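> this one's structure only:
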């Protein structure tokens, strides 16, 4: 004899997989402490002050300070994107340090030497890719393996010295490349991007920009 049980709808929901959208509300682990910067610091923000006064987002409703970090969150649609730029940044030869934690989606990183639609971008891509890509505009000129699961903080460092770019992930040099086509000052910012997976919830913290005076970086490029 076969006995069948009819489960109520609420029980079916509890037994089934949680909807992916519930990840939107998950909090990241506590972010790392800000390491005291050295050298000539042009900018530093650990987001302990509940204000975006030092930042300029390109659209409303994407960026906010939550739990002592900067959160970027986009609608669940493919190829949605937003940038939040450091106000007044116009720098050429710099080191950019930041901590980043992706919660939903794949893409996260930093843009620098940006002006208009031109600039340099580092995209740290998570689950399904686990790599880091260096771009000038849409042109990819550096790529390396970089395991970076969601729900964990990762430290990203980029150095731009003349035509030379170096990218470090969690203290390890993963990309070193020369490209003389973008040796100009520009703004620095943080991206949110849904890409092909159609999701993005990302947290940033401990953003520090340091001048690299040993080779270039004239005073007018530092504010």
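Thanks, I have the structure now. As the structure is a prediction and not an experimental result, all values here were calculated from the model. Residues are numbered from 1 along each chain as shown.

> Please name every helix or strand in contact with the strand or helix carrying residue 210.
Secondary structure from DSSP states H and E places residue 210 in strand 200-211. Of the remaining helices and strands, those touching strand 200-211 by 3 or more C-beta pairs under 8 Å, 6 or more residues apart in numbering; DSSP states H and E are strand 41-45, strand 69-73, strand 94-105, strand 187-193. C-beta coordinates here come from the backbone N, C-alpha and C atoms, glycine included.

> 10 Å instead, please
In terms of contacts (3 or more C-beta pairs under 10 Å, 6 or more residues apart in numbering; DSSP states H and E), strand 200-211 is packed against strand 41-45, strand 63-66, strand 69-73, strand 81-86, strand 94-105, strand 109-115, strand 154-161, strand 187-193.

> a markdown table for the ones you listed, including distance to residue 130, mean neighbour count and mean pLDDT?
Output for the helices and strands packed on strand 200-211, formatted as a markdown table (distance: least, C-beta to C-beta, whole Å; neighbours: other C-beta atoms under 10 Å; pLDDT from 0 to 100):
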| stretch | distance to residue 130 | mean neighbour count | mean pLDDT |
| --- | --- | --- | --- |
| strand 41-45 | 28 | 19 | 96 |
| strand 63-66 | 26 | 16 | 96 |
| strand 69-73 | 21 | 22 | 97 |
| strand 81-86 | 21 | 20 | 98 |
| strand 94-105 | 12 | 23 | 97 |
| strand 109-115 | 14 | 21 | 97 |
| strand 154-161 | 11 | 20 | 98 |
| strand 187-193 | 17 | 22 | 98 |
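
> Please name whichever of those is nearest to residue 169.
Minimum separation from residue 169 across the helices and strands packed on strand 200-211 (C-beta to C-beta) falls at strand 154-161, 6.3 Å.

> What's the first helix or strand after that closest one?
Downstream of strand 154-161 (by DSSP H and E), the next one is strand 164-169.
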